[in-house]
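Peer 1: predicted coordinates and the sequence they were generated for:
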There are 2 protein chains.
Amino acid sequence: MTITITAFERSPDGGKGLARDTRVRWALEEVGQPYNVRLVSFAAMKEPAHLALHPFGQIPTYQEGDLALFETGAIVLHLAERHVGLLPDDANARARAIAWMFAALNTVEPPILEFATARLFERDKPWHEARLPLVDDRVRQRLDQLSDRLGDADWLDGAFSAGDLMMVSVLLRLKPSGMLDGHPKLAAYVARGEARPAYKRAFAAQLAVNSPPVAG
Amino acid sequence: MTITITAFERSPDGGKGLARDTRVRWALEEVGQPYNVRLVSFAAMKEPAHLALHPFGQIPTYQEGDLALFETGAIVLHLAERHVGLLPDDANARARAIAWMFAALNTVEPPILEFATARLFERDKPWHEARLPLVDDRVRQRLDQLSDRLGDADWLDGAFSAGDLMMVSVLLRLKPSGMLDGHPKLAAYVARGEARPAYKRAFAAQLAVNSPPVAG
């Protein structure tokens, strides 16, 4: 069955790969599933047709036959459960890999989201500068803990899994800020993720949308 | 196999049921699995023994034979996949219920967490009052969208599922603030969750830890 995902017609990050469709593209590439992309404008994302697919008016969405899904975590888990390549065979190891997916999305990403929000949407506020150290400390605490757990391992729990895909994707949001530089083990972990052929294909695919080749 | 979870020795909310062990207790009650609780102090949560179970030094954790899990979402999903009562049988409906779990944790909870953090940890900051409307608006936007999707239905997608368990749990964090009052459909949805016998048992169990009966 044909898989169709949605992505920004024009990503706010201009093609840095931080929009969430990159996470889904990466998962699709890891499990070797072809997919179509339907681009949506910011205006269309708030229309009833898109809200029927995504109640919070965001991207990506996922359609495959009768199934329509939203939420990147759910889409990646759906793919990981149905195809080989993103979850180990052993039941306990699978449960642990899924725990890392949730850790990425519910423990590590929220302070990173606040970090990004403070810089994007509160830059003009009188408290902006004074508040940043507090926001940064919340991120740093999570990075310290994650780095301690990762140690010198390549991935969070054995072989690369959907948990690593999600954690690397979440940490990538920090890369432009230089915030990862203070955590060399995490910076190397993110670089290992970026070096995966599947990630490279996903990144190139989203970049092709956001910076089309010059016509000539 | 015996299931053991961890919970706060003394919950910061004094037994309002907002600590995350309540979510896991609720899931265990819905699927009818008995469990033991090991209470941990704030000091013990930062010790190596607990960090081995939970890399971010939080509760709850979940142990069952050889399996050790952290992250509430992962624990609830683990239970939902292995027992009847929290996920529908139909594969597509299951995937959608799981999408609501991720939506609760990665789309609805982050602004609610920021809402709580601003009130708990930035109360003494000079920007506190001026910044609150902005934080509240982020929550309100998500509540508006969620309320629109729920409409007049009892639950988010057909019968009660792990997605509702997680969404109600996330919304409960707003209840003390009165923020749900502006969204009567969501307030009624949360009340339906609280009225479930399994929720009542979970709530009573955490309350028994946090306000022990007066000796007499």
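Peer 2: Looks like it arrived, so ask away. Keep in mind the model is a prediction, meaning the values are calculated, not measured. Numbers count the residues shown, from 1 in each chain, chains lettered A, B, ... in the order given.
Peer 1: could you look up the SS state of A:His78?
Peer 2: helix (DSSP: H, G, I helix; E, B strand; the rest coil).
Peer 1: for it, give me its contacts.
Peer 2: With contact taken as C-beta atoms under 8 Å, 6 or more residues apart in numbering or on different chains, A:His78 is in contact with A:Tyr62, A:Leu69, B:Ala95, B:Ile98. Placement of C-beta: from N, CA and C, glycine included.
Peer 1: dump those to CSV, plus neighbour count, distance to A:Gly158 and pLDDT.
Peer 2: Below are the contacts of A:His78 laid out as CSV (neighbours: other C-beta atoms under 10 Å in any protein chain shown; distance: C-beta to C-beta, whole Å; pLDDT from 0 to 100):
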residue, neighbour count, distance to A:Gly158, pLDDT
A:Tyr62, 27, 27, 98
A:Leu69, 25, 27, 98
B:Ala95, 22, 25, 98
B:Ile98, 27, 23, 98
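Peer 1: which secondary element of chain A has the worst mean pLDDT?
Peer 2: Confidence across the helices and strands of chain A bottoms out at helix A:109-121, with a mean of 94, counting by mean pLDDT, DSSP states H and E.
Peer 1: buried stuff in that helix?
Peer 2: By 16 or more other C-beta atoms under 10 Å in any protein chain shown, the buried positions in helix A:109-121 come out as A:Glu109, A:Pro110, A:Pro111, A:Ile112, A:Leu113, A:Glu114, A:Phe115, A:Ala116, A:Thr117, A:Ala118.
Peer 1: same for chain B: which of those are within range?
Peer 2: Near chain B, judged by C-beta under 8 Å from any C-beta of the partner chain, the entries from the buried residues of helix A:109-121 are A:Glu109, A:Pro110, A:Leu113, A:Glu114.
Peer 1: which two of those have the greatest separation?
Peer 2: Greatest spatial distance among those (C-beta to C-beta): A:Glu109 and A:Glu114, at 9.6 Å.
Peer 1: identify the contacts common to the two.
Peer 2: B:Pro110.
Peer 1: A:Arg192 reaches A:Leu156, doesn't it?
Peer 2: No - if you go by C-beta atoms under 8 Å, A:Arg192 and A:Leu156 don't touch, sitting 11.3 Å apart.
Peer 1: quick one, which of the two is more surrounded?
Peer 2: A:Leu156 (23 against 15; other C-beta atoms under 10 Å in any protein chain shown).
Peer 1: for A:Asp164, pull up the helix or strand it's in.
Peer 2: Applying DSSP states H and E as the criterion places A:Asp164 in helix A:162-172.
Peer 1: helix or strand right after that helix?
Peer 2: Assigned by DSSP H and E, the successor of helix A:162-172 is helix A:184-194.
Peer 1: buried ones in that following helix?
Peer 2: By neighbour count with 16+ other C-beta under 10 Å, helix A:184-194 contains the buried residues A:Lys185, A:Leu186, A:Ala187, A:Tyr189, A:Val190, A:Gly193.
Peer 1: ok, and which of those residues reach chain B?
Peer 2: Among the buried residues of helix A:184-194, proximity to chain B is found for none (C-beta under 8 Å from any C-beta).
Peer 1: just put the residues you listed in TSV and tack on pLDDT and distance to A:Ala91.
Peer 2: Below are those laid out as TSV (pLDDT from 0 to 100; distance: C-beta to C-beta, whole Å):
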residue	pLDDT	distance to A:Ala91
A:Lys185	98	29
A:Leu186	98	29
A:Ala187	97	33
A:Tyr189	98	26
A:Val190	98	29
A:Gly193	98	25
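Peer 1: let's have the residues you listed in TSV, adding distance to B:Lys200.
Peer 2: Formatted as TSV, the buried residues of helix A:184-194 follow (distance: C-beta to C-beta, whole Å):
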residue	distance to B:Lys200
A:Lys185	45
A:Leu186	43
A:Ala187	48
A:Tyr189	43
A:Val190	45
A:Gly193	44
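Peer 1: between which two of those residues is the distance greatest?
Peer 2: The most widely separated members of the buried residues of helix A:184-194, counting by C-beta to C-beta, are A:Lys185 and A:Gly193 (13.1 Å).
Peer 1: pairing partners for the host helix or strand of A:Arg38, with directions?
Peer 2: If you go by DSSP H and E, A:Arg38 is part of strand A:36-40. Paired neighbours of strand A:36-40 in the sheet (DSSP bridges): strand A:3-8 (parallel).
Peer 1: pull out the buried positions in the partner strand.
Peer 2: Neighbour counts over strand A:3-8 (16+ other C-beta under 10 Å) mark A:Ile3, A:Ile5, A:Thr6, A:Ala7, A:Phe8 as buried.
Peer 1: excluding its backbone neighbours, what's nearest the last one?
Peer 2: In this case it means A:Phe8. Closest residue in space to A:Phe8, ignoring its immediate chain neighbours: A:Ala19 at 5.5 Å, by C-beta to C-beta, 6 or more residues apart in numbering or on different chains.
Peer 1: would you check that the one you found makes contact with A:Glu9?
Peer 2: No - with contact defined as C-beta under 8 Å, A:Ala19 does not reach A:Glu9; the gap is 10.9 Å.
Peer 1: these two: who's more crowded?
Peer 2: Neighbours were counted for A:Ala19 and for A:Glu9 using other C-beta under 10 Å; A:Ala19 has more, 22 against 16.
Peer 1: picking that back up, now the angle from the least confident helix or strand of chain A to helix A:162-172?
Peer 2: Per axes from the mean of the first three to the mean of the last three C-alpha atoms, to 10 degrees, the angle that helix A:109-121 makes with helix A:162-172 is 30 degrees.
Peer 1: what angle do the top helix by length along chain A and helix A:184-194 make?
Peer 2: With secondary structure taken from DSSP state H, chain A has its longest helix at helix A:128-150. Compare the direction of helix A:128-150 with that of helix A:184-194 by the same axes, to 10 degrees and you get 80 degrees.
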